[in-house]
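Colleague: A structural model of the following input is requested.
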Amino acid sequence: TTDASLAPFNFSWLKHQRYPHQISTLLFSEVDWYGSNNHELYQNSKALFHFLMTNNQGRELIQQILKLEMKDPCSPLSQGTIEELLFEHFPNHQQEFDYWFANSLGSFLNNE
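Modeller: Reported below is the predicted structural model:
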């Protein structure tokens, strides 16, 4: 993998949140995406992707998911497979995402 530098995540739409949504909600809860809260879910998903792309374990996870998806592009990976990959490549993913979110949000608010 190559290290790509990303600009800091823009928390403008999420500065009212202390913690991010749960990763499992962002990845697997189809019902929530049809509610009035979907803009916030999209912003949280962008934060999650940004977090994963700025972290070695996260990039490895995304690379593994993409490799498996390319084996059978017409069938999405199951929730169980994605959860296995999450815990295999990034055992503390939720705790580290929460920590990254809180620290990055704090830095964003301090710089405003």
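Colleague: for residue 104, report the pLDDT, please.
Modeller: Looking at residue 104, its pLDDT stands at 95.
Colleague: now do the contacts for the most centrally placed residue in the chain.
Modeller: Central residue of the chain (CA atoms, centre = their mean): residue 48, 2.1 Å from the mean position. By CB atoms under 8 Å, 6 or more residues apart in numbering, the contact list for residue 48 reads 20, 23, 26, 97. The C-beta positions use only the backbone N, C-alpha and C, and glycine is treated the same way.
Colleague: most widely separated two among those?
Modeller: 26 and 97 (9.6 Å; CB to CB).
Colleague: those two - which one has more neighbours?
Modeller: residue 97 (24 against 20; other CB atoms under 10 Å).
Colleague: how about that one: what's its closest non-neighbour residue?
Modeller: residue 51 (5.5 Å; CB to CB, 6 or more residues apart in numbering).
Colleague: hmm, back to that, pick the one among the contacts of residue 48 closest to residue 55.
Modeller: residue 97 (9.2 Å).
Colleague: need the residues that contact the longest helix anywhere in the chain.
Modeller: In the chain, with assignment by DSSP state H, the single longest helix is helix 93-111. Helix 93-111 has contacts (CB under 8 Å, 6+ apart) with 8-11, 14-15, 17-20, 22-23, 47-48, 51, 55, 57-58, 61, 86-87, 90.
Colleague: okay, now the unreliable bits of the protein?
Modeller: 1-4 (pLDDT under 70).
Colleague: helices of that one, start to end?
Modeller: Under DSSP H, the chain gives helices at 23-28, 38-53, 56-71, 79-89, 93-111.
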